[in-house]
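# fold the stuff below for me.
(one chain, ligands or ions: 1)
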Amino acid sequence: MATLILVRHGQSTWNAANRFSGWVDVPLNRVGRQEAMQAAKKISSYCIDVCFTSKLVRAIETTAICLTEGTGACHDKSPVFKHDFDDSDWHGWDKYEGYIEQEIPIFINPALDERYYGDLQGFNKAKMAEKVGKHIVHQWRRSLDTRPPGGESLKDTAARTIPFFQNRILTHLKNGDNVLVSAHGNSLRSILMHLDHLSPEEVPHLELATGIPIVYKIDAEANITNKVIL
Ligand SMILES: O=C(O)[C@H](O)COP(=O)(O)O
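Numbering: from 1, shown residues only. Next up is the predicted model:
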């Protein structure tokens with residue numbers, strides 16, 4: 001039986017300022033780092049074999065905190081980041097292949113990046129709602145199909161996250177590995193939508209809190225046998 005842990009990064013500086021972030025690479029703030037530490041404690045009983053994170057620093061910081069503040073008791077392996085979107089880096093870590101048994105690989109991949117918020121990035125969400133109307137902003141933020149101006153719809157985001165989940169993450173789960181995925185509100189919503197078979201009507205109601213791990217138990221045939229929110 002494998003475990004899949006999905007965690008939205010801790011609070012970022014722009015989450016706190018209520019600004020659309022998308023692909024803007026803002027870091028965690030102090031609250032976010034504390035949330036990541038709480039997440040690390042909550043998942044400390046799971047022995048993580050492999051991790052995946054987006055390439056945005058808020059998800060990377062969350063992963064690093066989760067693996068250095070919580071799971072140490074599980075085994076002596078060292079977390080090592082693998083920049084698997086950059087071909088040249090693959091050669092770098094081939095060199096220490098002999099140490100692979102002592103590592104928890106963390107694959108950094110832009111397929112897990114936040115939904116691209118296009119022209120909205122940087123704007124305050126409440127001020128934008130005053131300007132164009134709450135309903136429009138809600139559609140941009142939560143509907144499945146609506147694209148925010150110049151950005152990705154959740155469906156567009158799913159077109160990169162779900163193939164990545166199926167081709168990269170599921171392979172480990174079928175092997176019985178415990179997998180941690182650190183990503184973003186909308187990139188994770190697109191994966192949850194797929195895992196939980198949500199209808200387009202259910203998708204707008206799905207909200208993910210920062211730093212709260214969601215744990216799935218998955219059997220060798222990739223069936224979900226249990227789900228808990230920690
Ligand atoms: O990109 C952002 O601004 C946040 O990560 C998610 O924002 P949302 O809740 O407005 O989709």
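
# and residue 76, helix, strand or coil?
coil (DSSP: H, G, I helix; E, B strand; the rest coil).

# may I have stretch 172-181 as CSV, with CA atoms only?
Provided in CSV are the C-alpha atoms of stretch 172-181 (Å, rounded to 0.1, in the frame of the first residue of the first chain):
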residue,chain,number,x,y,z
HIS,A,172,6.0,5.4,-7.7
LEU,A,173,2.7,4.9,-6.1
LYS,A,174,2.2,1.6,-8.0
ASN,A,175,5.6,0.5,-6.7
GLY,A,176,4.3,1.1,-3.1
ASP,A,177,6.4,4.2,-2.5
ASN,A,178,5.3,6.9,-0.1
VAL,A,179,5.2,10.1,-2.2
LEU,A,180,5.1,13.8,-1.0
VAL,A,181,3.9,16.4,-3.5
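
# quick one: average pLDDT of that stretch?
Throughout stretch 172-181, pLDDT has a mean value of 94.

# now swap in stretch 152-169 and tell me
96.

# contact partners of it?
Contacts of stretch 152-169 with the rest of the structure, by Cβ atoms under 8 Å, 6 or more residues apart in numbering, involve 4, 52, 107, 109, 111-112, 115-118, 142-147, 179, 181, 183, 186-187, 189-191, 193-194, 203. C-beta coordinates here come from the backbone N, C-alpha and C atoms, glycine included.

# give me the buried subset of the residues you listed.
The neighbour count (16 or more other Cβ atoms under 10 Å) marks 4, 52, 107, 109, 111-112, 115-118, 142-144, 146-147, 179, 181, 183, 186-187, 189-191, 193, 203 as buried among those.

# re the thing from before, the contacts of stretch 152-169 in helices, which ones?
Among these, the members found in helices (DSSP state H) are 142, 186-187, 189-191, 193-194.

# so which of these are also by the ligand?
Taking Cβ under 6 Å from any ligand atom as the test, the ligand is in contact with residue 186 out of the ones in helices among the contacts of stretch 152-169.

# cool, thanks, signing off.
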